[in-house]
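Undergrad: let's see this in three dimensions:
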Amino acid sequence: MRTSLHLAPALSLAFTLAACGGEKAEFAQPDDFGTVADFVLVDQDGNDFSSEQLAGKVWVIDFFFTRCPSVCLQMTAEMKDLLARSPQRDDLHFVSMTIDETFDTPEVLRDYIATRQLDTARWTFLTGDGSKIRALSRDSFYLALGDEMRPDGDIIHSTKFVVVDRDGTIRAYFSGLDEDDGPRIDALIQSLLGG
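TA: Numbering: from 1, shown residues only. Next up, the predicted model:
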C-alpha cells in the first residue's frame, strides 16, 4: 500500500534524526514508502541530471554537504564502502545530494570527490535549486532538513541511506552511520536487482 500524503509528517518524525550528529531514530520497514517525485538537478560535472536517468535502476541516496563539521564524512565513507561491495551493474546507482547548494557548486563537489578518491562511474553528486532539494528531502523522502546553517556550521539533516527500486518507489531506510546495517542493505539491494 502506498503511503498517504497525510502520513508524511509522522513519517518525517519516525525516519529522521534530530540533527547531523543526533541520536538514532527507530524505524519500521514496510515494502512501500511512496514514490519519489520527479526532479532535475545538476551533477558534479555541471550537467543536468534528472530522475529519468535513474528509471529502471535500483538506487541508494543520501543527503550531505561538503563542509559538514560532523557526520557527513563518515556517511560518504560508508557509501563508498557500500558501492565497493555492491554488484558492478549498470542498473545499480548511488546518489549523494548536497543540502548546502550555494557553497557546494559542481567545482566544489569535484574537489570533494577527487580528494576522497570516489568513483563516479555509478555514483552521482547533485546540487542545484535549494527549494527543490528541500522539497525532495522533506516531501518525497520524508527526511528532516533544516532551513539554515547553525552557528557551529552544521545543518540539521537525516543520516539515512534510502533505497529506491526500479519504479522509483522507496523501499527502505538504513543508517548511514551504522556498519551493522550493512548486511541488511546488501541483501535488499541484491533482492531488488533480482538475484
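Undergrad: and the next helix or strand past the lowest-mean-pLDDT helix or strand in the chain?
TA: Within the chain, confidence by mean pLDDT, DSSP states H and E is lowest for helix 8-14 among all helices and strands, at a mean of 40. Later in the chain than helix 8-14, the nearest helix or strand by DSSP states H and E is strand 40-43.
Undergrad: check which helices and strands the helix or strand following that next one sits against.
TA: As assigned by DSSP H and E, the chain's next helix or strand after strand 40-43 is strand 48-50. Using 3 or more C-beta pairs under 8 Å, 6 or more residues apart in numbering; DSSP states H and E, the elements in contact with strand 48-50 are strand 40-43. C-betas here are computed from N, CA, C, even on glycine.
Undergrad: how far is the strand it packs on from where the chain is centred?
TA: Its chain's average C-alpha position is 14 Å from that of strand 40-43, according to C-alpha atoms, centre = their mean, to the nearest Å.
Undergrad: heads up, I number from 271, so please use that
TA: All set: I'll call the first residue 271, so the last point we hit is now strand 310-313.
Undergrad: ok, residues contacting it?
TA: Under the contact criterion C-beta atoms under 8 Å, 6 or more residues apart in numbering, strand 310-313 has outside partners 318-321, 367, 376, 379, 394-399, 402-403.
Undergrad: so what's the residue count around the residue lying closest to residue 320 once chain neighbours are set aside?
TA: Leaving aside its chain neighbours, residue 320 sits nearest to residue 310 (4.4 Å; criterion: C-beta to C-beta, 6 or more residues apart in numbering). Applying other C-beta atoms under 10 Å, we find 14 residues neighbouring residue 310.
Undergrad: residue 302 now?
TA: 13.
Undergrad: pretty sure it is touching residue 442, no?
TA: No. Counting by C-beta atoms under 8 Å, residue 302 sits too far from residue 442 to count as a contact (10.1 Å).
Undergrad: which intervals of this structure have sub-threshold pLDDT?
TA: Across the chain, the ranges flagged by pLDDT under 70 are 271-300, 465.
Undergrad: and with 50 instead?
TA: Applying pLDDT under 50 to the chain picks out residues 271-300.
Undergrad: just the strands in it please.
TA: 310-313, 318-320, 328-334, 362-368, 393-397, 430-434, 440-445 (DSSP state E).
Undergrad: pipe these into TSV and attach distance to residue 387 per row.
TA: Shown next, in TSV, are the strands of the chain (distance: least, C-beta to C-beta, whole Å):
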stretch	distance to residue 387
strand 310-313	18
strand 318-320	21
strand 328-334	17
strand 362-368	15
strand 393-397	12
strand 430-434	20
strand 440-445	24
